[in-house]
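Enquirer: compute the structure for the input listed below.
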Amino acid sequence: MDIESFALERWLAEHEHGAAVNLGDSGVRPLEADRFDTDPGRLGYVIPTNGDPDLRATVADRYDRAPDELLFTCGTQEANLLAVLATLDRGDHAVCVTPTYQSLHSLPAAVGEVTRVELAAPDWTLDPDAVADAIEPNTELIVLNNPNNPTGKIHPQEMVDAVYDLAAAADAYLLADEVYRPLAEPDERVEPVAGMGPHGVSTCGLSKGWGLPGLRFGWLAGPEEVVTAAWEWKDYTTISPSAFGQHVGRQAIEREDELLAENRTHVRRNRELVAEFVEEYGLDWLLPAGATGFLTVPEAFESSEAFCRALVEEGVVVAPGETFDRPGYVRVGFGADRATVADGLERMGRVIEDRRSA
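Expert: A predicted model of the protein is given here:
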């Protein structure tokens with residue numbers, strides 16, 4: 001298996017440590033540990049290693065799935081890895097909707113062949129006909145991120161239904177990374193793909209919507225044959241979910257309504273700050289769900305990377321569009337505490353004004 005370097009993670013590794021303001025993150029500001037009971041008792045393996053059956057039943061129910069159709073993982077990232085390994089073999093083909101989080105196309109490309117279907121700017125619209133054109137006789141997997149990272153686009157139900165039908169007709173699986181779905185307003189949410197039928201696989205976790213990235217607690221839901229194959233691969237990765245993560249994760253899931261309402265309010269207020277910034281400096285973006293926006297680069301800068309490097313000099317880290325194979329944009333995370341977001345936007349404004357006056 002040969003996998004390409006993860007451009008976004010390498011960029012963040014180079015610049016976020018020691019930055020005065022980090023707007024490169026894509027989740028909600030982490031919750032304090034003292035809001036939970038943090039003593040799981042003995043720190044042994046979780047038994048059974050696919051996760052506590054009662055908690056699996058609780059989470060699986062939201063997908064109309066049985067407990068054995070859900071696997072707890074080390075974050076959504078591991079869930080995506082295991083989903084790809086469970087559905088693709090060497091020589092298989094996948095269709096991946098981009099731009100997206102790099103692992104959602106790099107992981108399939110490390111196993112088989114990939115055809116990308118690009119979202120159409122500026123509204124980042126998904127064209128099901130383009131997905132249909134990309135499907136080949138050996139297509140086993142179609143990959144979607146909904147809501148989308150980096151753009152914040154929610155693909156509406158009719159679009160997801162159409163892509164699911166294409167996957168079913170091709171006897172392929174539709175894998176949807178839905179880690180930002182909890183941050184979407186309830187009336188905006190699309191049905192989870194794993195609840196749509198035998199060809200749907202959903203991944204999610206507590207990092208983004210719940211503001212608990214340090215738990216590294218996620219899951220994969222879908223047909224039993226996919227979940228069983230993923231569990232067998234997990235024997236070679238993390239074996240079981242984290243005992244600590246599962247212990248705190250259970251409490252977070254029990255308090256889901258409270259925590260998600262709090263975090264959605266937080267993100268909504270911060271989104272208003274970014275919207276004011278976008279308007280003030282004549283930029284463009286799609287008003288996003290989730291906690292990231294994909295902003296156009298100010299005209300005074302020759303590239304998104306040049307803009308981002310100028311921001312680093314001002315102490316601010318954001319993600320250049322090149323890390324998503326979309327030059328001309330920057331991904332700005334606005335899930336941090338409000339003062340941090342305001343500080344970062346003020347610094348970004350100074351960089352733009354200094355360049356315009358130079």
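
Enquirer: next, count neighbours for A66.
Expert: When neighbours are defined as other C-beta atoms under 10 Å, A66 has 13 of them. No exception for glycine: its C-beta is placed from N, CA and C like everyone else's.

Enquirer: can you map out the strands along the stretch 201-350 of the chain?
Expert: For the stretch 201-350 of the chain, strands defined by DSSP state E, counting those that start in this stretch occupy the ranges 218-221, 292-296, 316-317, 319-320, 329-333.

Enquirer: quick one: strands adjacent to the first one?
Expert: Read it as strand 218-221. strand 70-73 (antiparallel), strand 200-205 (antiparallel) (DSSP bridges).

Enquirer: export the ones you listed to CSV and tack on mean neighbour count?
Expert: CSV is the format used below for the strands paired with strand 218-221 (neighbours: other C-beta atoms under 10 Å):
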stretch, mean neighbour count
strand 70-73, 29
strand 200-205, 28
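
Enquirer: so who does the closest residue in space to P156 that isn't next to it in sequence touch?
Expert: Spatial nearest neighbour of P156, chain neighbours left out: V190 (6.8 Å); criterion: C-beta to C-beta, 6 or more residues apart in numbering. Applying C-beta atoms under 8 Å, 6 or more residues apart in numbering, we find V190 in contact with N146, I154, H155, P156, Q157, V160, R181.

Enquirer: neighbours around the first one, how many?
Expert: Using other C-beta under 10 Å, N146 is surrounded by 28 other residues.

Enquirer: hmm, it is touching H155, no?
Expert: Yes: here N146 reaches H155: they are 4.8 Å apart, a contact under C-beta atoms under 8 Å.

Enquirer: for the strands of the stretch 201-350 of the chain, which one sits closest to V131?
Expert: strand 292-296 (20.9 Å; C-beta to C-beta).

Enquirer: may I see the buried residues of that closest one?
Expert: By 16 or more other C-beta atoms under 10 Å, the buried positions in strand 292-296 come out as T292, G293, F294, L295, T296.

Enquirer: can you check the pLDDT for the residue nearest to P156?
Expert: Looking at V190, its pLDDT reads 95.

Enquirer: likewise for A60?
Expert: A60 is given a pLDDT of 98.

Enquirer: F334 and G349: what is the separation?
Expert: 15 Å (C-beta to C-beta, to the nearest Å).

Enquirer: ok, now A94?
Expert: Going from A94 to G349 by C-beta to C-beta gives 41 Å.

Enquirer: also I135?
Expert: Separation of I135 from G349 (C-beta to C-beta): 45 Å.

Enquirer: which of those two has more residues huddled nearby?
Expert: I135 (18 against 14).

Enquirer: what angle separates the longest helix seen in the chain from strand 292-296?
Expert: Determined from DSSP state H, the single longest helix within the chain is helix 256-280. Per axes from the mean of the first three to the mean of the last three C-alpha atoms, to 10 degrees, the angle that helix 256-280 makes with strand 292-296 is 10 degrees.

Enquirer: check this structure and tell me which residue is nearest its centre.
Expert: V179 (5.0 Å; C-alpha atoms, centre = their mean).

Enquirer: circling back to that earlier point, export the contacts of V190 to JSON lines and append columns for distance to E232.
Expert: Below are the contacts of V190 laid out as JSON lines (distance: C-beta to C-beta, whole Å):
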{"residue": "N146", "distance to E232": "27"}
{"residue": "I154", "distance to E232": "33"}
{"residue": "H155", "distance to E232": "31"}
{"residue": "P156", "distance to E232": "35"}
{"residue": "Q157", "distance to E232": "33"}
{"residue": "V160", "distance to E232": "29"}
{"residue": "R181", "distance to E232": "27"}
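
Enquirer: out of those, name the ones that lie in helices.
Expert: The members of these that map onto helices under DSSP H are Q157, V160.

Enquirer: dump the contacts of V190 into TSV; add pLDDT as well.
Expert: Shown next, in TSV, are the contacts of V190 (pLDDT from 0 to 100):
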residue	pLDDT
N146	97
I154	97
H155	97
P156	96
Q157	97
V160	98
R181	96
